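A.B. asks: Fold the following and give me the result.
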Amino acid sequence: MTDSLFFDTDCLSAFLWVGNESLLVKLYPGRIIIPKPVYDELSYPGVTHLKARFDTLLSSGQASLESILADSEAYLLYYQLAYEPNAGNKIIGKGEAASIALAKSSGGILASNNLRDISVYVEKFSLRLMTTGDILIQALEGGYINESQGNTIWASMLAKRRKLGSASFTDYIRSKKNDI
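C.D. replies: Alright, predicted model coming up:
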């Protein structure tokens, strides 16, 4: 699989908060992309240390930043999702909207944990989705971490108030096996 991953703020920051962005680099070399609105969210006061961590990835060429061009298919979708949703849909965050728009327009993969806000669009646009848990499972399967290390990373992410959907990495693995 060589498709780009378009990270929203929540999924990317889960790894930045706990200093494990190196897992992303190992798993997805040259495929880590964040939309400009996500970068802007990393610039908010109080989380600029996360932006600094991501800037290191950018300056080393391990990740890239992508703007949404005006009058593009991606921009029209971004604007709809972030500002003027169709009847019955709610406005979603600019980072999520940009990640969805770019993933859809480029055939890439959406990396997000915000399932409550994005699930309707993932289904509507038939997007491929990766969550933090899915990424950690790939790290486990790739031999970059073991289950114990995954549980430590998971606990650290939960301590930083990341919403991951399970109490532990082990619980997440079990839930995925039950889905099969």
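A.B. asks: residues contacting the nearest residue to Ser13 once chain neighbours are set aside?
C.D. replies: Once flanking residues are discounted, Ser13 sits nearest to Leu50: 5.5 Å by C-beta to C-beta, 6 or more residues apart in numbering. (Glycine included, C-beta is placed from N, CA and C.) By C-beta atoms under 8 Å, 6 or more residues apart in numbering, the residues touching Leu50 are 13, 16-17, 42.
A.B. asks: Check Leu65 too.
C.D. replies: Neighbours of Leu65 in contact, by C-beta under 8 Å, 6+ apart: 33-36, 39, 58.
A.B. asks: farthest-separated two in those?
C.D. replies: Across those, the longest distance by C-beta to C-beta is 13.2 Å; it joins Pro35 and Leu58.
A.B. asks: Report the contact partners of the spatially closest residue to Tyr28 that is not a sequence neighbour.
C.D. replies: Spatially, and ignoring its direct neighbours in sequence, Tyr28 is nearest to Leu5 (5.5 Å; C-beta to C-beta, 6+ apart). Shown in contact with Leu5 (C-beta under 8 Å, 6+ apart): 28, 31-33, 108-111, 130.
A.B. asks: top of these by neighbour count?
C.D. replies: Counting neighbours by other C-beta atoms under 10 Å, Ala111 leads the contacts of Leu5 with 29 neighbours.
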